[in-house]
Every structure is written in structure tokens, then in C-alpha cells.
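S.K.: structure, please.
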Amino acid sequence: MSGPQESTSFAALRGQLQEAAAEFAGGPDALEGILLGMVDDVDRAVREPLEIFPVCHHSPASALAMARRLREKQPKVVYLELCEDMAPLLTELRNCRLPVAVQAFAGDVDGFPQEWAPLSVVAPVTEASAEYQAIAYALDTPGVELVLVDRSSDHVFQWDRRGGQAGEGTEVPEEAEAALHGEAVGVEIGDLRPRFAELEEHLLRHGKVRHWSEWWHQYVEVPLGDSDHDTYRQVMFLIGSLFRRLAPGDGSRLRVDEDRERYMWTRMREHLAATGTDPEDCLYVCGAFHAASRVEEFGVRGSSDTFTISPRTATTWQYGLIPSSHAAIEAQFGLAAGSVSIAATEWAKGLKRTRVKPYVLEGQAGKRKSAAKKTAVVPAAPPGTAAADKLSGFLRRPPVLDGFDEAELLGWSVEIVRAARRNGYLASTADAIAVFETSILLAGMRDRAKPTPYDFQDAAVTCIEKDSVPGRRDVRRLVEIMMGGDRIGQVGYESLPPLARDVYDRLAPLELKLEQRGVRRALLDMASRPELRACSDVLWMLRRLMPQGAARPIMGERRLGERSIQESWDLALGTHQRALIELGYEGVSLEQVLEQRLRRDAYGPRATTATVLAAVEDALLYLRGHRLADELGTHALKLLAAERSVDGAPEVLRRVRALLAYYRTSEPVLPAWIESFVKTGYAHYCTLLPTAFRDEDATVGQVAAMLGFLFSMESLALSLGCDRNQLELAVAQSHPDDPSKTALLWAAQVQLGTLSRAELRARCDELLDNPLVVPSYPRYLSGFVHALEPVPGLADVVVEAVSNAFGRLPDSVLLPWLPLLITTLRSGAADLAPLMVREAGRIFPGRLAALDAWVPPWRMPEPEPFAAAPVADVRRGTALLTAHPATCDAVAELLGCDDGWARPDVPAPAGVGLLAAHPATCDAVAELLGCDGTWAAAGPSPSGGAVLTARHPATAEALESLLAGA
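M.R.: The predicted structure follows:
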């Protein structure tokens, strides 16, 4: 880029760098071009009319310099390198306890690949950061405008590749505090780190430090903490130019960086043109890497027609604040553990040393804003004028150990010994002296003028750490805690989305401080306090929607048709505040979010019948209404008819049984969808049954579940119009090859009546008699155990089969086969084995002493068939009547009979008198039987109805059989 004329401010520095390049390189080459180019970058950035303020993310030196400069210049417009669509959220920072992160979230994408969803971008904000100082100044100072000029969250994913997000970390750490950002893409102001691996390795080796954070603290943070404004700017410009010029040739990442710079300068020029603001009254806060930009659009006089901002996609973005932590920031951006906490300590130390008054948002949670003291405003240098060369003096100035640093080191040494004693270490005053002296010694060995917190940490470990750690924390962790520990932020109630506020309001009757971190125990007695039932409903929905541990039931359960009267919960909503806030991006109430998720699961591309039935069950459990359950049940019916495999048969059987039991006990009639489901499922599984028996991919458990559906739902299916012949044909057409499926088929035939139990026992005996089949006998047993699902009445036969195997097989065959039997039953029939065990407990004797004399039921002789006793030729009931005459007299009196008892010497008429007294009845029976004779003349009649018996012998025999049976 052709820039403005070079100034003479850095002429002396250019000359020194040319001499250095000639001495080290032996003449003009690439080294001279790099060194002189760095000075040119600094010169150009310093002379830009719109003042550029370079920063490094979470840098206390940048924050101190920013606070000083804002009070000196009092700009009217602050341009900030942050996603422009996050601007409305910044005012909500006053309701939060820092650190927090500004988040843009998109659950449903439109214009991006579906596998990218959900999309999330976070920008963490800490108190010891330059961006927070700029935000607090702009929001609380009347007449000051804050303008975010970086690319939008939508452009972050438009420009960056999903695989690496242009170097911005997306890996989720294991620690809970470090995982507060989840899988979100992190954006930060001032990402300043060498992209040339060899350069970083060289700096670390010669700086005698372990990681980049320590090098930055030692050689940039500490020297810049007390520097003036011009020195700070020039040094940061120089570092940004160095890292930019030595960056490797990563074309995609460099292209994104340059597009971001073009985007920001385009937005700033558009704002200046629209408002007519003088560039002298503005301040541009950006990372030092972008401050040393060489794009054509750089500056207020840069090219304005060479870059076009692409439109955003149709993706709908949701915005909010989520809690953050020092550990989460370190994990997100690859910083050393404890570096952000050390930066916070250095920030407090710098404020005390320099007496700079920081900016704090009015009403900031955890802060008390004191009255601002009158500070003398230093007039700013006129823009565009040549700035004095401050780089040469800074690069030659050595740091000096002052009294404040020494006193601080003494305090650290005493405090770490006190903390070590509390954690079980045998530390003494001598250890405090040793830590102090060792810290200074380590700093000298590493060519440092004063010890750093990292030197102090190494010295504490060397002097106090012994062979073992007596407690939960080692000395290194104690130092991190002493330096401030891992500070975790919190989003205030007013800044929460409506759903999160609604959750806190609905749980208010619990009278717990749920916004705080940690676990809170909630006891719900709905019997004495019915109003807590609403809290119980909320807690069960939170358990369904939020991560494990946010709401964990200790006592009580919720199942179909059951409600607990007392519940106990462990609640950690404050710890999982980010998850609760992200729920608010999906809806305004828990019921709405749950319904959306159930629909998403049911209508998703990978939805199966089992998953839809699970959604139906959740809808009944948590939403109570039947509208959604009926809709999802109808959709499950469609999926069942379209399935061509039996993979989900066990889950379908379990859930359909539960739903049927619920509807039968709670509803007067079954819903139409579940009746259609049973009817369709009966025909569907009958059709797939022969194929499933032969399919090698179909397991015996899946086929058993199909038979369980058919047999357990058979009565309901037949009442709805299904044909049992379809099931019989399906079983008859099944010809499995697998031993376990063969045993399952035999059980199905027993259930249908085509195979008797005696035949089944005979087949089992044949298997044990065949030595070629004995090795595969456990697989037959596995099939029999699975058969207990559709045919639970075969439990005695299964126990008999196992007992015969143990009783008849020799030890040489039984012992090698026993492990296979156990593993087969454990892996294939673990849920059904208890049924077999209970049956064995019923059959076998309960005492060891009775075992010797015990005979298995299947070895007992068959009982003889019952033979009817011959009927004696006596008159039935006569002896009973004479023995109890009172009963007969009462009946005779009731019927109006006054003839009295017959004499014993007169024979009874054997019913002939009854026939003569009621001839119509006899005539009707005779006509029905085809008798065409007439009544006999008066006189003695054939006893016992001989004529009728002789004319109709078949009828007489039937009557005699009936009487004999009676």
C-alpha cells in the first residue's frame, strides 16, 4: 500500500536498525526490509488522524493505559473492535458480576450447513481489560457514542472455516469452570500472539520462560505498566507489526484478518460520513495486530470503493449474556493456567501504584462506585502531527526493583506459608524466608530484574512441596488461589432472558438462593403444601431439558400414572446458569421449549417409532395435555407402517405397554391413535416375522419383542378386527437357522397350540442326547429365556431345561460349557433371567435338608385319568327328603300341596304322575322328538319311561350320561 510520506520522527531508529541489519546479515537483505517496515508501520499508525489505540486482550497494562487516555482525551465517539450485532447487550453488563461473556446464538441455521448447528459466538469481558474501560466510559458518559465496528456474528461463520475457526478454539475442556463457554467460537479484542512457531520458541527459550503468557507478562506487561501514552502506543504498534510481518503464509487466515480490517475501516468511514463527526474526537480501540494493517482501506483517507460488505444469511440470531470465568477464558484462547488471575492481580496492583481512576459501570454488581476525583486533563497532541520517538528509549531502559515490589513479595511469602499450614503442610517461618530468597534467586538466574508471580510460584513449590500432598491442593494450586483464584462471573436477574426469569419466579416458593453457585437441597412436601406441585413440575422439566446435575432428584419419581407426594432435589442452577440462559434462546417458557424439542425429536430425519413414542410419553409426563401426545402418536403410527426393520421392536413393546396401561387406568376409552397403532403393529409384525427369523442382523431379543407385541396385544387387536390366522401363518412360514431363534419359534408354537408341552420337553431331551448339539445348547437356552417375554407361562419348562442340563451332562462337558452359559444369559437375557430365577425358587425346595428327598415335578408319574363312579340304581334324593321333612313341608306349603307324605309301603310313581298331570309339556317334547303315539290308557304304565326309552335310545343314553356325571 502506498502510504503517506515518511516522517523524520523515527529517523534515528531507522538508522540504528539499518546498522544492526548490516552487522548481523552482512548487508541489505530481507532482515533490513522487515526491521524498516516495522518502523514504517509504527510511523503510519501514529500519524493517522483518527487515533488508534492498540490493545492486547485481558491485559492490565492496556486497561491502565486505556483508563488514562480516556480521562485525558474525553473522546465523543469510541469505535470498538467487537461484533457489531452485540451492541444492544453491552448496557446489560451493569447487572452482572464480571467476568461474563456476550453471546450470539443460533439454534436453527439458514444459509449454513445443518451439521454446523447450533452456532454460538462468545466475547468474554473482564474487569482488567481495555474493552471494559471503553464500554464503561462510553455508556456512563453523557454525549459519548459507542460504535462496534467488527464483523457480525453471522460473518464470523461466513468467513471462517468450520474446521478450525481461523485459530479460535472450540474444544470443550473437561473441567466444569473451564467449560462455561461450551463449544462456542471465541472472539476477543487484541489477539496478540506470534503466529510463527519458530519465533515463539525463540522468545521463550531466550526469555527463560515456560509459556507465552509468562513471556508477555515479563517483557511487555511489566515495562508498559508505568509508561506514558505515546510510549505505550508505539511499543504496541511495533509488536503488532513484528507478529504480522513474521506470520507464516496461511492464506485463509490472513485473508480473514485483512477482511476484518477492511470491514472495520469501512464501518468507521460510513459512521463519520453519516454523523459528520470530526476524527479528532474519536478513538479507535482494536488489537495491535490490526492496528499495523497495510490494507488499502486503512485510515479515514483510505480507499472506500474497493470492499463490499456481504449481506447476512437468513439465520435468526439470539443474544444474551452468559457467565464466564478465568479458567474458561484461558481454555478458550489457549492461555496458560492462572494467567488471567495473575492479570487481575496485576491490574489491582497497577491501580494502587499509578493511582489511576478506572471506569466502572453505574450499578455494576459487586462494585461500589465512589465519587470521581477531579483529575487534570492533559491536552492531547494535535492529530496528524509527528510524534516523538519513544521506542528507542523504551528498548534501552532496564526495569528496576522498587520498594513496593519487595514488600509485595514479602507479603506473598508469608501468605503462602499460612495457606500451606491450613492445608496440612509442615511449613514454618523459615520456609517463608526461603521462598522470598528463592524467588529473587530464580529471577536473577533468568535474567530478570525483579521476580514475577511465575518465579514466586516456582520458588514456593521448591521450598514447601514435599514428597506427597497432604490435602486436596498442592502448592501450585495454593499459589493460584492466593493470586485471586478462578473468578467466576454471574449474570444478574435483570439481564436474564424471559425464560430464565420465569424459572426463578416459579421456584420462588422454595425460598432458596438458586442464583448462587453450588448445590442447594430442596425439600417438597406436596401433601402439606399443595402449591409446591407447580415447583415440582418445573423441576422435572428442568431435569429433562438441562444438563445432568442442574436438577437432580434425590427422592421421588415421575412415571406415567404416578405422582410423588414428597420429593427431594439437589439444585445447581447457579452453576449451570449458561445452560439456563441458552434455554431462553429457544422460547419464553419451559413448556414451549419442551414442546419444540419433542417435535424436533419426533419429526427429525433420524426419528424412529421408538423415539416418537418416547416423545409421547414425555408429553404426557411433563405437559399433561393430550393434544401434543395425540399428534405425536399419530406420527408414530406412520413411522411404524414405513419401517422395514425390527431394530426398535424391544423399545416399541416397552413403551406401548406403558402407554396402554396408563390410558386404561386414567382414561374412559383408549385414544384412537393407540388403537390404530395396535392394529397396524399387529399386521406389520406378522408380515415381518418370517423374515426376522431368518435375518442374521435381527437379534433374538428383537424377534422376542415382536412376538411379545403380537401375543400381549392379541386380544385388543382381535377386538379391533385383526385376523389370528395371519399370526398362525406367519409362525408356520418361519424357518430359523439360529438355535436361539429355533427355541423361540418352539415357544411361539406352544403358545399357539400347534406344539404341546410334552413335545417340547421331548425335543429338549433330544438336544441333550445329541453330543453334536450339546456345545450349542446354551444358545437354545438363551432362546428359551427370551421366550419368557412373549410366553411367560413357559418359565417352568425353561427351569426344567436348565436343570436337566446340569443333571445329565458330565463334568467334562458341563464345566467348559458353564462360562458360555453365564455369558450368554448375561449378555442376551439379563432382563428376563429374574423371572426364571423366581420360577426356580418356586419349584426347588427351600431347605438344603429337603433336597435329597425332593423329586422334580417333571419326573413325577402322570396321574391316572379321572373315572366316573357307576350310578347306583337308587332313587336320588329320597333319603335326604325323609331325613329333613321340615324343608319338604315348607316347600309343599309354598306350592299349595296338601296331600301329605306317601306311605313307605307304596312305590313312588317315578315321574309318571307328573306327566299325566301336565300333558301339554309331554306333548311338546314328543312332537319335538318326533313321537306320533298317543297317551296310554288308564292303568298301570311302564315304569321308568320304558316306552320313551325304547323309542329314543340316543336321547336316553345322553340323559343317563348327564345324570351319571352329576
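S.K.: mind listing the strands for this protein?
M.R.: Using DSSP state E, the strands of the chain run over residues 51-55, 77-83, 100-106, 119-125, 145-150, 185-186, 282-287, 318-323, 520-525, 551-555, 566-571.
S.K.: which neighbouring elements make contact with the last one?
M.R.: Applying 3 or more C-beta pairs under 8 Å, 6 or more residues apart in numbering; DSSP states H and E, one finds that strand 566-571 contacts strand 520-525, helix 532-545, strand 551-555. (C-beta placed from N, C-alpha, C; glycine too.)
S.K.: 6 Å instead, please
M.R.: Using 3 or more C-beta pairs under 6 Å, 6 or more residues apart in numbering; DSSP states H and E as the contact test, the elements touching strand 566-571 are strand 520-525, strand 551-555.
S.K.: all helices for the stretch 151-300 of the chain, in order.
M.R.: 153-159, 197-207, 212-216, 222-224, 229-245, 251-275, 288-291 (DSSP state H, counting those that start in this stretch).
S.K.: also the stretch 501-650 of the chain?
M.R.: 532-545, 577-584, 590-603, 609-618, 627-642, 649-666.
S.K.: I'd like to know which of the ones you listed lies nearest to Ala344.
M.R.: With C-beta to C-beta as the measure, helix 577-584 is the member of the helices of the stretch 501-650 of the chain nearest Ala344 (20.9 Å).
S.K.: okay, angle between that closest one and strand 100-106 too, please.
M.R.: Helix 577-584 and strand 100-106 are oriented at 30 degrees to each other (axes from the mean of the first three to the mean of the last three C-alpha atoms, to 10 degrees).
S.K.: chain center to helix 577-584: distance?
M.R.: 13 Å (C-alpha atoms, centre = their mean, to the nearest Å).
S.K.: over to stretch 306-322?
M.R.: 28 Å.
S.K.: alpha carbons of it, as CSV, please.
M.R.: Extracted in CSV, the C-alpha atoms of stretch 306-322 (Å, rounded to 0.1, in the frame of the first residue of the first chain):
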residue,chain,number,x,y,z
THR,A,306,-12.7,-1.4,-3.1
PHE,A,307,-14.5,-3.5,-0.5
THR,A,308,-18.2,-4.6,-0.3
ILE,A,309,-19.7,-6.0,2.8
SER,A,310,-21.6,-9.2,2.0
PRO,A,311,-25.2,-9.5,3.3
ARG,A,312,-26.0,-11.7,6.3
THR,A,313,-27.7,-15.0,5.9
ALA,A,314,-31.4,-15.7,6.9
THR,A,315,-30.2,-17.3,10.1
THR,A,316,-32.0,-15.9,13.2
TRP,A,317,-29.6,-15.0,16.0
GLN,A,318,-30.4,-14.7,19.7
TYR,A,319,-28.3,-12.6,22.0
GLY,A,320,-27.6,-12.8,25.7
LEU,A,321,-25.0,-12.8,28.5
ILE,A,322,-23.6,-15.9,30.0
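S.K.: how about that stretch: buried residues?
M.R.: 307, 313, 315, 317-322 (16 or more other C-beta atoms under 10 Å).
S.K.: what ranges of the stretch 751-900 of the chain fall below the confidence cut-off?
M.R.: Scanning the stretch 751-900 of the chain for pLDDT under 70 picks out the ranges 824, 828-829, 861-878.
S.K.: what mean pLDDT does stretch 527-544 have?
M.R.: Per-region confidence: stretch 527-544 scores 92 on mean pLDDT.
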